[in-house]
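Colleague: The amino acid sequence is not available; the structure is as follows:
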């Protein structure tokens with residue numbers, strides 16, 4: 001037979017109503033849990049009240065708040081976790097049911113009777129278990145179970161609200177951190193690009209997220225109009241703050257090396273060695289580091305995992321593709337001096353240095369933009385110079401994507417040698 005449930009005494013109802021009103025006021029969840037455990041002791045005569053939180057990822061229960069003869073909340077260091085299939089709390093969590101154990105022989109942990117109640121959130125999510133114990137004889141009755149259920153609902157709601165609040169605060173912090181990283185990253189991009197005699201340069205950096213793992217740079221290596229210009233296009237694995245800081249580090253080391261008068265080979269070796277020390281396993285940076293010499297119409301470069309590289313030959317109306325010349329930076333194995341390669345630029349030639357975001361931009365049907373489309377757009381717009389060709393390429397990529405989300409950063413650096421009539 002089912003035990004008859006008598007109406008709750010007026011003082012108990014008033015206490016529960018007061019607790020409900022108090023918990024409706026925004027505040028720290030720790031204070032709410034203290035009020036709940038205090039109410040359990042006063043309303044149910046439970047000298048020992050323990051709140052366990054359930055960790056779904058680890059399938060464990062951990063005591064986070066306790067109310068006993070000595071008050072103790074949120075113990076530090078944290079209490080050890082228990083597998084969810086151990087003891088009465090585990091059985092309660094597994095079955096999601098109230099467990100009432102009266103008149104424990106010899107007692108368990110000083111308890112003569114135990115009442116264990118699951119904490120179920122609004123979305124039917126198990127968030128924990130509330131265990132109540134009495135040291136004096138006398139079982140918990142049906143009224144006690146109802147009060148315990150109400151207290152468990154309050155506790156589950158308080159825990160869920162605190163988790164949502166913590167997630168919100170974390171998102172705000174991450175947004176602030178991302179905004180700061182984005183400001184740093186945008187701040188180091190060149191405001192104006194060098195204009196070496198006979199050449200035009202154009203660049204774009206459009207991250208997929210608030211901060212990207214790509215960067216470009218163009219740096220005068222002398223004061224004369226025909227002085228060489230150092231070029232950088234780097235792409236760190238991943239997205240977010242870490243990769244953004246990695247490519248900013250590469251850019252900073254390149255500039256410092258140039259200021260100290262080091263050559264490209266030495267600079268690349270030092271950058272690689274530093275990244276090997278700084279980056280974690282499975283992290284790396286692909287990088288194109290080159291020097292454009294307008295007096296010789298020559299681009300000398302080292303491409304560490306960065307490719308493909310497009311050289312459009314205007315006279316032949318032909319696209320030539322170059323692969324990477326070495327493995328990415330930061331993965332080790334680059335003790336030997338990197339080998340430098342060279343491209344010779346004729347009048348009207350154009351070189352496009354692009355990160356994966358261009359080639360791997362997808363259409364609504366899942367097709368990749370790919371190398372052929374890149375080459376076709378560049379060929380049709382090379383006569384418009386570096387900026388015109390790059391603008392046309394970005395427009396073509398966006399049209400191809402037709403509104404699909406941008407999954408990767410779009411970063412590009414285009415170098416065009418002007419035709420003779422333009423130079424004159």
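Modeller: Perfect, thanks for sending it. Since this is a predicted model, take the numbers as computed values, not measurements.
Colleague: looking at it, residue 353 is touching residue 234, isn't it?
Modeller: No. Here residue 353 does not reach residue 234: they are 10.3 Å apart, not a contact under CB atoms under 8 Å. Backbone N, C-alpha and C define where each C-beta goes, glycine included.
Colleague: mind listing the strands for the stretch 201-350 of the chain?
Modeller: 214-220, 229-236, 285-293, 298-304, 309-313, 318-322, 341-344, 350-354 (DSSP state E, counting those that start in this stretch).
Colleague: packing partners for the fourth one?
Modeller: Meaning strand 298-304. For strand 298-304, the packing partners by 3 or more CB pairs under 8 Å, 6 or more residues apart in numbering; DSSP states H and E come out as helix 264-278, strand 285-293, strand 341-344.
Colleague: roughly how far is that strand from the heart of the chain?
Modeller: 32 Å (CA atoms, centre = their mean, to the nearest Å).
Colleague: So what angle separates the directions of that strand and strand 229-236?
Modeller: Interaxial angle, strand 298-304 versus strand 229-236 (axes from the mean of the first three to the mean of the last three CA atoms, to 10 degrees): 20 degrees.
Colleague: joint contacts of residue 353 and residue 234?
Modeller: Taking CB atoms under 8 Å, 6 or more residues apart in numbering as the criterion, residue 353 and residue 234 both touch 216, 288, 306.
Colleague: Most neighbours among the residues you listed, please name it.
Modeller: residue 306 (27 neighbours; other CB atoms under 10 Å).
Colleague: Confirm for me that that one is in contact with residue 233.
Modeller: Yes. With contact defined as CB under 8 Å, residue 306 reaches residue 233; the gap is 6.3 Å.
Colleague: Mind listing the shared neighbours of these two?
Modeller: 287-288, 353, 355.
Colleague: What's the separation between residue 385 and residue 351?
Modeller: Distance, residue 385 to residue 351, using CB to CB, to the nearest Å: 13 Å.
Colleague: can you list the domain ranges for the protein.
Modeller: Residue ranges of the domains in the chain are recorded as 10-168, 192-423, according to automatic domain parsing.
Colleague: Tell me which of these lies nearest to residue 177.
Modeller: domain 192-423 (6.0 Å; CB to CB).
Colleague: and the closest one, average pLDDT?
Modeller: Domain 192-423 shows a mean pLDDT of 91 in the predicted model.
Colleague: circling back: select, out of the strands of the stretch 201-350 of the chain, the one closest to residue 101.
Modeller: That would be strand 229-236 among these, by CB to CB, at 57.4 Å.
Colleague: Give me the sheet partners of the closest one and which way each runs.
Modeller: Strand 229-236 has its sheet partners listed here by DSSP bridges as strand 214-220 (antiparallel), strand 285-293 (antiparallel).
Colleague: If you compare the directions of it and strand 309-313, what angle comes out?
Modeller: 140 degrees.
Colleague: tilt between strand 229-236 and helix 264-278?
Modeller: Using the same axes, to 10 degrees, strand 229-236 lies at 20 degrees relative to helix 264-278.
Colleague: quick one: buried residues of strand 229-236?
Modeller: 229-236 (16 or more other CB atoms under 10 Å).
Colleague: now it against strand 350-354, angle please.
Modeller: Using the same axes, to 10 degrees: strand 229-236 against strand 350-354 is 30 degrees.
Colleague: What segments of the stretch 101-250 of the chain are helices?
Modeller: Secondary structure of the stretch 101-250 of the chain (DSSP state H, counting those that start in this stretch): helices located at 142-188, 241-259.
Colleague: elements contacting the last one?
Modeller: Applying 3+ CB pairs under 8 Å, 6+ apart, one finds that helix 241-259 contacts helix 142-188, strand 214-220, strand 229-236, helix 264-278, strand 285-293.
Colleague: Repeat the analysis, applying 6 Å as the threshold.
Modeller: If contacts are counted by 3 or more CB pairs under 6 Å, 6 or more residues apart in numbering; DSSP states H and E, helix 241-259 sits against helix 142-188, strand 214-220, strand 229-236, helix 264-278.
Colleague: With distance to residue 408 added, can I get those in TSV?
Modeller: Below are the helices and strands packed on helix 241-259 laid out as TSV (distance: least, CB to CB, whole Å):
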stretch	distance to residue 408
helix 142-188	16
strand 214-220	9
strand 229-236	9
helix 264-278	21
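Colleague: From the ones you listed, pick the one with the highest average neighbour count.
Modeller: strand 229-236 (a mean of 26; mean count of other CB atoms under 10 Å).
Colleague: Need the strands of the stretch 201-350 of the chain in CSV (columns: distance to residue 186).
Modeller: Putting the strands of the stretch 201-350 of the chain into CSV (distance: least, CB to CB, whole Å) gives the following:
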stretch, distance to residue 186
strand 214-220, 10
strand 229-236, 15
strand 285-293, 19
strand 298-304, 24
strand 309-313, 25
strand 318-322, 29
strand 341-344, 30
strand 350-354, 20
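Colleague: mind checking which of those strands is nearest residue 96?
Modeller: Comparing the strands of the stretch 201-350 of the chain by CB to CB, strand 229-236 comes nearest, at 45.8 Å.
Colleague: Now do that closest one against helix 241-259, angle only.
Modeller: 160 degrees.
Colleague: picking up where we left off before, for the helices and strands packed on strand 298-304, which one sits closest to residue 38?
Modeller: helix 264-278 (51.0 Å).
Colleague: Show me the one of the helices of the stretch 101-250 of the chain that comes nearest residue 89.
Modeller: So among those, helix 142-188 is nearest, using CB to CB, at 12.6 Å.
Colleague: Compute the distance from the centre of the closest one to the centre of its chain.
Modeller: 18 Å.
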